[in-house]
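> I would like to see how this sequence folds:
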Amino acid sequence: MKKITLFICFNLLFISEIYTQNNIKGVIKDNISSNPLQNVSVSIKETDITQKTSINGEFHLQNLSNEKHLIIIEKEGYETQNLPVNLSKEITDLGTIFMYKKPIIEDEEINTIIISEDELNDETNYTDNISGLLQSSKDIYLKTIAYEWSPAFYRIRGLDSENSKVLINGIEMNKLYNGRPQWNNWGGLNDMVRNQTFSNGLTPSNYNFGGVLGSTNINTRASKYRKGNKVSYANSNSSYNHRIMASYSSGILKKGWAFTIGGSYRNGKEGYVDGTSYNSYSALLSVEKNINEKHSLNFTSILSSTKRGKSAGHTQEVYDLKGIKYNEYWGYQNGKKRNSRIKRVFEPIVMLNHYWKISTKTNLNTNISYQFGELGDSRLDYNGGTNPSPTYYQKLPSYWLSKNDIVQTYEAEQRFINNGQIDWESLYSANITNAEQGKNSSFILYEDRNDNKQFTVNTIFDSEINENILLTGKLKYTKLTSNNFAYVLDMLGGNGYLDVNRFGKLNTPERQNNVLNPNRVVKKNDKFKYNYNVYSDVISAFIQGEFKYKKADFYIASNLSKTSHQREGLYKNGRFLNNSFGKSIKKDFTNFGFKTGFTYKISGRHFVDFNTGYLTKAPTIKNTFSNIRENNSIVKNLTNEKILMADASYIYRSPIISSKLTGYYSLIKDATNIGFFYQQGLFGEAFVQEITTGINKKHIGIELGIETQITSSFKVKGALNYGQYIYSNNPNVYVTSEEYISLKNTSGINDLGKSYLKNYRVASGPQKSYSLGFEYNDSDNWWISSTVNYLDDSYINVSSITRSDAFYKSFDGLPINNIDYKKAKKLLKQEKFNNYILVNAIGGKSWKVGKGYKYIGFTAGFSNLLNEKFKTGGYEQSRKPDYTQLLEENNKPKKLFGSKYWYGRGTTYFLNIFYRF
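Okay, here's the model as predicted:
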């Protein structure tokens, strides 16, 4: 009897438990009209529980277990919402849930209108890519930067792109050479790289510690792509003229397989700037196998090959004569334009990713990648001839005007206006004549090559300790081997080319690029000029805790890393006999970072957000060696860069208004910059390396993004940045050159002491920017958007040498007498560029065809509709750096060595037609 009673009690308890399982209810409405939405799908992830909302927008999910669930809310034409709910009582009322309409044309259809890395002259510091970082963000301010301000080469908070991290499947893609991502490695694969997770600024990321500008993780996991196909064609006058793109995703198949494949081809005879040809193809393959419920393997292969003609910055004299589309790098050969400066990128990526779901709350992701290939930049060399550049200063009118030769001035002007391009025929003619006389070539076309091999392995761990705490950790190791050399591409009709330094003294070791093989005659496909390896290793660890509570969320994260760089010279350079061949010392850097922040939820519509962090960064390869092509010298007093950053935001969100106001502050210490140029002064004429160390910069400003939904179809949007980016100290500057080497100066270093840069502006694009626009979405699936943008406070990059004590000394090192300090102050004043207005517009339409998710559509975008002419950047030439020379230069009717500038594009368009099925 006792056993029977216990049995009955047990079953009653069991039945009671069943009938007291938890329920979830709520009401779903449109965020603009507040009308209830019928037939919205409400489901519980990884269960069969699903329900459609009633005519009143209501839903009621019953008999749910007492644990954490993820509710998925979906309706065609609206953005999908994922709501985590932790059930702890019988009935959980979620109240009113607002759904937001999708843009009729999704962001991935228009993000190719943004300026991209392959459109930029990446030999300068004035043009950094921001587009890929922002493609996944819905923040109105960040979208304004990406879609409206990027043609002005705008930099977020005045910082370079090396301060943001780009990852693919958790593997960092920033280059160890300069710290920046090489977007050409996956260029053209817009549909393949649209699955992105963006962490803005110092906010926490699930994949890495990030930079002070945040991080973007591109997810190429095959099972995460939307099932279906897509083909598109685009036409533009910006960088390429034509683009064809196609992709296919299988979704998850019955046996746990998933496949995604996509590719594109981009081509253009000429972009907006003259002679800028473009030819690129790319492909991505992703294959995933779900082994079981806990384990999955994904293989990704990315291949992109790009060849594009580059353009140059010029003096104002050149632009006045030829216009802003002028480009000195090309000339006609057999009736066709041929560019001497071709940027070539071919660096395939393969990676294997293992996903292990240890439990419902703990995951381990392990990744291995290998990247290899070539980077090449072609150019002309002229050991036996004169400079073939059509803008060489002795070929310009200003040169003859400085000599008061009016006839030659006029003739030079007419020659430049009527031609002003590379004369390929004369180069071939000179070489053919030399060959007939048994002489070496005067000119060749060669390529500066980087052949890189990089291996990376990492593991990422995350665990939900409880409903409030998420712990994330990561370990990473990267190894780079890079072979760098000059490579002969084209003999230009000649038979051989003498591998010597034309600046070196005759019959001395100084003239030899490699004394181990002196006076070597090279031919096509030979290495010459310089040849060295670079070895770099990085090991790092990262840990992060995120804490989420009813009224406040906060996080804390830190990282630790060790980086090493080493050069190995394969040539023994005649100018640096004791410091060019063999391995340099290995330079090691230990770094750390710490960041924290919180979000305080004043109410459901008002939030306060704060983030701060301090981190140190190892010098890149580029900033570690003072003259890496010729010797093993390491930058004097080299140390880690330090960055302190903080920002605070007030956020307001309602069904009508969404806004965010942010104040930010960044302090950068001990940065390094290296420049190369030819100068006349500082103890004579020489090709020098200018090394500026201990650079401190302060960036402070306010950001605002706001959009107001006037009606269900019409919204007004605006953004502004009011910043000030300045040098906050007087760094040290020195120059090195083989011309300075003597018995008393065996290192070839000329220390110039302090460069008085304090309070000069950092050349980082517009420091003040404003945008106001509207967007109209029609119920008949068409839309249009337009903005007016005002950009101001752009400055030229100043010369560190000219701001040093060397400015007041003559070439023999003695002080210059009779200095007029008022004139000196005027000479040293930093040039500010004119402000300008950019009007942009974009629109599109789509048509649903057949059943299911099938659409045909197009987008058309126009940038700079008013065809405004504006400078995006520039730099002062340091060829004549002292007071006497610079005063003489400025007193001339036209400067011989004036500042060089880059202009933005005039009116450009982009048209994209697509079919998604």
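> Could you list which residues are in contact with the nearest residue to residue 210 once chain neighbours are set aside?
Once flanking residues are discounted, residue 210 sits nearest to residue 165: 5.3 Å by Cβ to Cβ, 6 or more residues apart in numbering. Where you see a C-beta, it was placed from the backbone N, CA and C, and this is true even at glycine. By Cβ atoms under 8 Å, 6 or more residues apart in numbering, the contact list for residue 165 reads 172, 174, 208, 210-211, 214-216.
> Give me the average confidence score over the host helix or strand of residue 407.
Assessed by DSSP states H and E, residue 407 sits inside helix 406-418. Helix 406-418 carries an average pLDDT of 96.
> in whichever helix or strand comes after it, what's buried?
Sequence order places helix 424-436 as the next helix or strand after helix 406-418, per DSSP H and E. Neighbour-count burial for helix 424-436, counted by 16 or more other Cβ atoms under 10 Å, picks out 424, 427-428, 430-431, 434-435.
> what does stretch 49-68 give?
Residues 49, 51, 53, 57-59, 61, 64 are the ones in stretch 49-68 that count as buried (16+ other Cβ under 10 Å).
> Just the closest of the contacts of residue 165 to residue 410, please.
Using Cβ to Cβ, the shortest approach to residue 410 within the contacts of residue 165 belongs to residue 174, at 51.3 Å.
> And for the residue lying closest to the closest one once chain neighbours are set aside, the neighbour number?
Leaving out its chain neighbours, the residue that sits closest to residue 174 by Cβ to Cβ, 6+ apart is residue 181, at 5.3 Å. Residues within reach of residue 181, counting by other Cβ atoms under 10 Å, total 24.
> Look at residue 181 and report its pLDDT.
For residue 181, the predicted pLDDT is 92.
> right, and it touches residue 173 too?
Yes - taking contacts as Cβ atoms under 8 Å, residue 181 lies within contact range of residue 173: 5.0 Å.
> got a list of what the nearest residue to residue 330 once chain neighbours are set aside touches?
Nearest residue to residue 330 in three dimensions, chain neighbours excluded: residue 275, at 3.1 Å (Cβ to Cβ, 6+ apart). With contact set as Cβ under 8 Å, 6+ apart, residue 275 has these partners: 309, 311, 327, 329-330, 337, 339, 421.
> Also residue 303?
Neighbour list for residue 303: 282-284, 348-349 [criterion: Cβ under 8 Å, 6+ apart].
> In strands only, show me those.
Counting by DSSP state E, the contacts of residue 303 place 282-284, 349 in strands.
> Neighbour count, pLDDT and distance to residue 692 added to those residues, as JSON lines?
Shown next, in JSON lines, are these (neighbours: other Cβ atoms under 10 Å; pLDDT from 0 to 100; distance: Cβ to Cβ, whole Å):
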{"residue": "282", "neighbour count": "22", "pLDDT": "97", "distance to residue 692": "37"}
{"residue": "283", "neighbour count": "18", "pLDDT": "98", "distance to residue 692": "42"}
{"residue": "284", "neighbour count": "23", "pLDDT": "98", "distance to residue 692": "41"}
{"residue": "349", "neighbour count": "22", "pLDDT": "98", "distance to residue 692": "34"}
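> can you pull out the strands in the stretch 51-200 of the chain?
Ranges of strands within the stretch 51-200 of the chain are 58-64, 68-74, 81-86, 91-99, 165-168, 171-172, 196-200, based on DSSP state E, counting those that start in this stretch.
> how about those, which one is nearest residue 887?
Residue 887 lies closest to strand 165-168 among those, at 46.2 Å (Cβ to Cβ).
> Each with direction, which strands does that closest one pair with?
Strands that pair with strand 165-168, judged by DSSP bridges, come out as strand 171-172 (antiparallel), strand 214-218 (parallel).
> As a check, name the ranges of all helices in the stretch 1-150 of the chain.
Under the criterion DSSP state H, counting those that start in this stretch, the stretch 1-150 of the chain contains helices at 2-19, 107-110, 131-134, 140-144.
> Can you pick out the most distant pair from the buried residues of stretch 49-68?
57 and 64, at 20.2 Å, using Cβ to Cβ across the buried residues of stretch 49-68.
> quick one on the thing from earlier: can you tell me which of the strands of the stretch 51-200 of the chain is nearest to residue 381?
Of these, nearest to residue 381 by Cβ to Cβ is strand 165-168, at 34.3 Å.
> average pLDDT for the closest one?
Per-residue scores along strand 165-168 average to 96.
> Also stretch 606-617?
Stretch 606-617 shows a mean pLDDT of 97.
> Likewise for stretch 874-883?
On average, stretch 874-883 scores 90.
> Use 2 as the first number for this chain going forward.
Yes, from this point I'll number from 2; that puts the last item at stretch 875-884.
> Verify the contact between residue 881 and residue 896 for me.
No - applying Cβ under 8 Å as the test, residue 881 and residue 896 come out as separate, 9.8 Å apart.
> So, low pLDDT: which residues of the chain?
Applying pLDDT under 70 to the chain flags the ranges 2-22, 33, 88-92, 103-139, 681-686, 742-748.
> Which residues are in contact with the spatially closest residue to residue 631 that is not a sequence neighbour?
In space, and not counting its chain neighbours, residue 631 is closest to residue 574: 4.9 Å by Cβ to Cβ, 6+ apart. With contact set as Cβ under 8 Å, 6+ apart, residue 574 has these partners: 513-516, 531, 581-582, 631-632.
> 7 Å instead?
514, 581, 631-632 (Cβ atoms under 7 Å, 6 or more residues apart in numbering).
> of the residues you listed, closest to residue 250?
For the contacts of residue 574, the nearest to residue 250 is residue 631 (49.8 Å; Cβ to Cβ).
> so how many other residues sit close to the closest one?
24.
> just residue 711 next, same as before
Neighbour tally, residue 711, other Cβ under 10 Å: 12.
> just checking, it touches residue 717?
Yes - taking Cβ atoms under 7 Å as the definition, residue 711 is a contact partner of residue 717 at 6.1 Å.
> before we move on, the earlier item: most neighbours among the contacts of residue 276, which one is it?
For the contacts of residue 276, counting by other Cβ under 10 Å, the largest number of neighbours falls to residue 310: 27 neighbours.
> Mind putting the contacts of residue 574 into a markdown table with distance to residue 651?
Below are the contacts of residue 574 laid out as a markdown table (distance: Cβ to Cβ, whole Å):
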| residue | distance to residue 651 |
| --- | --- |
| 514 | 60 |
| 581 | 57 |
| 631 | 53 |
| 632 | 53 |
